[in-house]
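Novice: Could you look at this predicted model? Sequence included:
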Amino acid sequence: MITEIKTINERSIAEAVKILRSGGVIGMPTETVYGLAAIGTDSRAVEKIYEVKGRPSDNPLIAHVHRDYDIEKLVFVEQDYIPRLMNEYMPGPLTLVMRSRGIICKEAVCGGDTLALRIPSHEGCQALLRAADAPIVAPSANISKHTSPVTARHVYDDLNGKIPLILDGGKCSGGIESTVLDVTEKVPRILRAGLITREMIEKVAGGCEIAEHKDGDKVKSPGVKYRHYRPRCRTALFKEDEIEEAKLLYDKETASGNRAYIMCRTPLANYFEGKNLLLLGTGGEEIASNLYERLLQGEKEADIIIAIDMPREDGVYLGITNRLRKSCG
Ligand code: AMP
Ligand code: MG
């Protein structure tokens with residue numbers, strides 16, 4: 001199969017809709033990461049997503065709808081804080097897990113009774129969702145366990161020959177996957193941290209818990225138990241107070257003829273003068289938006305990425321450290 005990358009516009013969207021309606025899967029941009037899309041009511045098409053990605057069959061997909069879609073067609077909106085959360089943060093990088101009405105096929109929800117639902121804010125994605133006039137389910141458009149793609153080219157690098165079309169909507173502005181929030185109970189619970197933070201949710205919903213995922217627990221969000229975001233090169237992770245150790249490893253690797261790169265916050269750059277660097281930026285949002293791009297750049301150029309962990313875990317940093325530790329730890 002030949003994989004084409006086409007700029008997202010009226011014409012390429014019409015083509016995408018044709019493919020989707022005939023049971024195909026395509027790459028689509030969102031503001032978080034690129035998605036691998038299929039019509040959410042089409043079991044065969046959804047099975048293709050799992051085949052193409054090599055995704056474990058117990059890891060459910062997120063359904064995406066446009067901003068004027070009546071979500072009560074798909075789910076039961078049971079908690080009074082849900083409309084407030086939607087008003088404040090949707091469209092945007094927030095996914096709500098609610099009780100499903102069973103319209104989205106069982107393959108997409110892995111036979112479960114809940115559905116994860118999101119309204120992307122990416123304008124091109126909105127236009128696609130409107131044109132398709134159906135909910136679209138999509139996981140990140142990468143081979144399972146690899147780093148999530150934030151450009152059309154990244155999708156191509158992973159899925160070339162496996163899908164017919166990738167809609168190119170530019171680099172994703174968010175850069176990490178959406179916050180997944182369980183809203184089936186009185187207090188919302190974060191299943192996967194992201195750009196919509198605990199603090200932001202608390203402000204609107206009055207409270208917010210963070211799900212702990214311990215080994216042996218019955219997992220509520222299956223995706224978090226898998227290793228994720230792994231670049232295709234060796235990695236190491238050091239704390240910010242282990243800069244000397246990181247430098248030692250860098251020098252040792254370089255002395256053995258390996259190409260080493262340090263990945264760190266931009267303010268730390270002066271500790272690593274003269275070394276190969278993958279700089280992440282300064283503020284939390286900037287770091288999130290650069291993280292996967294630097295990992296994907298790093299795996300192409302480096303034999304080993306030596307990453308320096310973040311100094312904090314509040315706000316957006318919770319989502320960043322989760323991913324950084326899963327990719328490099
Ligand atoms: P991805 O599509 O790769 O961004 O992964 C989607 C994430 O949402 C995974 O961590 C899934 O486990 C999680 N997810 C999707 N649907 C549900 C659901 N119904 N209940 C809980 N978590 C879900
Ligand atoms: Mg993913």
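Specialist: Yep, that arrived. Ligands and ions are numbered 1, 2, ... in the order given.

Novice: Would you verify that Ile305 is located in a strand?
Specialist: Yes: counting by DSSP: H, G, I helix; E, B strand; the rest coil, Ile305 is located in a strand.

Novice: Isn't it up against Cys328?
Specialist: Yes: using Cβ atoms under 8 Å, Ile305 is in contact with Cys328, at 6.4 Å. Placement of C-beta: from N, CA and C, glycine included.

Novice: for the lengthiest helix in the chain, which positions count as buried?
Specialist: Taking DSSP state H as the criterion, the chain has its longest helix at helix 284-301. Going by neighbour count (16 or more other Cβ atoms under 10 Å), the buried part of helix 284-301 is 284-285, 287-299.

Novice: What is the neighbour count of Lys247?
Specialist: 16 (other Cβ atoms under 10 Å).

Novice: all helices in the stretch 201-329 of the chain, in order from the N-terminus.
Specialist: Taking DSSP state H, counting those that start in this stretch, the helices of the stretch 201-329 of the chain run over residues 243-255, 284-301, 316-328.

Novice: Include distance to ligand 1 and mean pLDDT when you put those helices into a markdown table, please.
Specialist: Below are the helices of the stretch 201-329 of the chain laid out as a markdown table (distance: least, Cβ to the nearest ligand atom, whole Å; pLDDT from 0 to 100):
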| stretch | distance to ligand 1 | mean pLDDT |
| --- | --- | --- |
| helix 243-255 | 30 | 98 |
| helix 284-301 | 12 | 97 |
| helix 316-328 | 11 | 96 |
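
Novice: Dump these into JSON lines; add distance to Pro164 as well.
Specialist: As requested, these are exported to JSON lines (distance: least, Cβ to Cβ, whole Å):
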{"stretch": "helix 243-255", "distance to Pro164": "41"}
{"stretch": "helix 284-301", "distance to Pro164": "23"}
{"stretch": "helix 316-328", "distance to Pro164": "29"}
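
Novice: Quickly check: stretch 72-92 near ligand 1 or not.
Specialist: No: judged by Cβ under 6 Å from any ligand atom, stretch 72-92 stays clear of ligand 1, getting no closer than 9.9 Å.

Novice: Check the offset of that stretch from the chain's centre.
Specialist: Centroid separation between stretch 72-92 and its chain, computed with Cα atoms, centre = their mean, to the nearest Å, is 21 Å.

Novice: ok now do His66, which residues does it touch?
Specialist: Ile119, Gln126, Leu129, Arg130 (Cβ atoms under 8 Å, 6 or more residues apart in numbering).

Novice: distance of Asp113 from Arg55?
Specialist: Per Cβ to Cβ, to the nearest Å, Asp113 is found 20 Å from Arg55.

Novice: typo on my end, it should be Ile210
Specialist: 25 Å.

Novice: can you pull the pLDDT of Glu212?
Specialist: On the pLDDT scale, Glu212 is placed at 83.

Novice: Please report how far it lies from Thr321.
Specialist: In terms of Cβ to Cβ, Glu212 sits 15 Å off from Thr321.

Novice: correct me, but Lys186 touches Gln79?
Specialist: Yes: between Lys186 and Gln79 there is a contact under Cβ under 8 Å: 6.8 Å.

Novice: Who has more neighbours out of those two?
Specialist: Gln79 (18 against 12).

Novice: Checking that one next. Helix, strand or coil?
Specialist: coil.

Novice: measure the nearest residue to Gly298 once chain neighbours are set aside to Pro120 for me?
Specialist: Among residues not flanking Gly298 along the chain, Ile305 sits closest, at 4.4 Å (Cβ to Cβ, 6 or more residues apart in numbering). Ile305 sits 29 Å away from Pro120, taking Cβ to Cβ as the criterion.

Novice: how far away is the residue of the chain positioned farthest from its centre from Arg153?
Specialist: In the chain, the residue that sits farthest from the middle, by Cα atoms, centre = their mean, is Ala255; the gap is 36.1 Å. Separation of Ala255 from Arg153 (Cβ to Cβ): 34 Å.
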